[in-house]
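Q: sharing a sequence plus its predicted fold:
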Amino acid sequence: MNWLPWEDALSLIELPPGYSVQTMRSEHIAAVAAAVRHWYPDVTYGVNSVFLRDDFYRDRVCLNGAVDKDVIALTVWHGNELVGLWTGEREVDSLALWGRLVVIAPEHARMGLARRTIEGMGEAGRRMGAAFIYGMITLKHRYMQQVFEQGGYRLVGFFPGYDRELVAPGVVRRVYQAVYAKLLASDNKVLRPDPKNLTPAARALYELLFPD
């Protein structure tokens, strides 16, 4: 499962007039980290705190047009102003794509940038051979929940205490996160669980989540 050539991937993201999306460049690392900290103060703690670290970008993220690592980052611009970041990680062995962090400057949040970028990269995932795409979403507000639901993702459950967030000044707690997923593989490539192999609790939850 290889990343698409950048020109092909970026062409799948349709943004409003005046906005553009670019691949992550090494000279933008400091600006991106500072912007993420400003837009998303809770990022100081937990799994997404890596997006504040220079070494993470240089060691783990595809930079300067390369497609040689497992994490990609796309920067969103309004003219010459940095207004957003989308990041994803490929899981080659399971043919899955994890939408790691999507963050948009609050003053541009109503432009549909997160939804449009997620939709475009979902299609890019399909074209590069991904069979499954998922993301873990904060429950601190509804915005990203709505973005994923409008994008055709299914809420498949909650991770209790998976991540850490700043919940009040100086107070950090482990928090619940919603898990959204979309199956990209065709149904004939998916084996549904046999009900006789499920406990009553597992069967009840499965039937609730997958009534179809």
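A: Right, received. Where do you want to start? Numbers count the residues shown, from 1 in each chain.

Q: switch to C-alpha atoms for all contacts and neighbour counts from now on
A: Noted.

Q: show me where pLDDT drops low in this structure?
A: Low-confidence regions of the chain, defined here as pLDDT under 70, do not occur.

Q: where do the strands of it begin and end?
A: 19-23, 71-78, 81-91, 96-104, 132-138, 154-168, 171-183 (DSSP state E).

Q: what packs against the longest helix that the chain contains?
A: Identified as the longest helix of the chain according to DSSP state H is helix 113-127. If you count contacts as 3 or more Cα pairs under 8 Å, 6 or more residues apart in numbering; DSSP states H and E, helix 113-127 packs onto helix 6-10, strand 81-91, strand 96-104, helix 143-150.

Q: tell me what the last one is packed against?
A: The one in question is helix 143-150. Judged by 3+ Cα pairs under 8 Å, 6+ apart, the packing partners of helix 143-150 are helix 113-127, strand 132-138.

Q: show me the one of these that comes nearest Leu183.
A: If you check each of these against Leu183 by Cα to Cα, strand 132-138 wins as the nearest, at 4.7 Å.

Q: partner strands of that closest one, with direction?
A: Next to strand 132-138 in the sheet, as set by DSSP bridges, lie strand 96-104 (parallel), strand 171-183 (antiparallel).

Q: could you dump the last one to CSV, C-alpha only?
A: Once side chains and other backbone atoms are set aside, the C-alpha atoms of strand 171-183 remain, and they are given as CSV (Å, rounded to 0.1, in the frame of the first residue of the first chain):
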residue,chain,number,x,y,z
VAL,A,171,-5.7,19.5,35.3
VAL,A,172,-5.0,16.6,33.0
ARG,A,173,-7.3,13.6,32.8
ARG,A,174,-7.7,10.5,30.7
VAL,A,175,-10.7,11.0,28.4
TYR,A,176,-13.1,9.0,26.3
GLN,A,177,-12.7,9.2,22.5
ALA,A,178,-15.2,8.3,19.7
VAL,A,179,-14.0,5.9,17.1
TYR,A,180,-15.2,6.5,13.5
ALA,A,181,-14.5,4.2,10.6
LYS,A,182,-15.2,3.6,7.0
LEU,A,183,-14.8,0.3,5.1
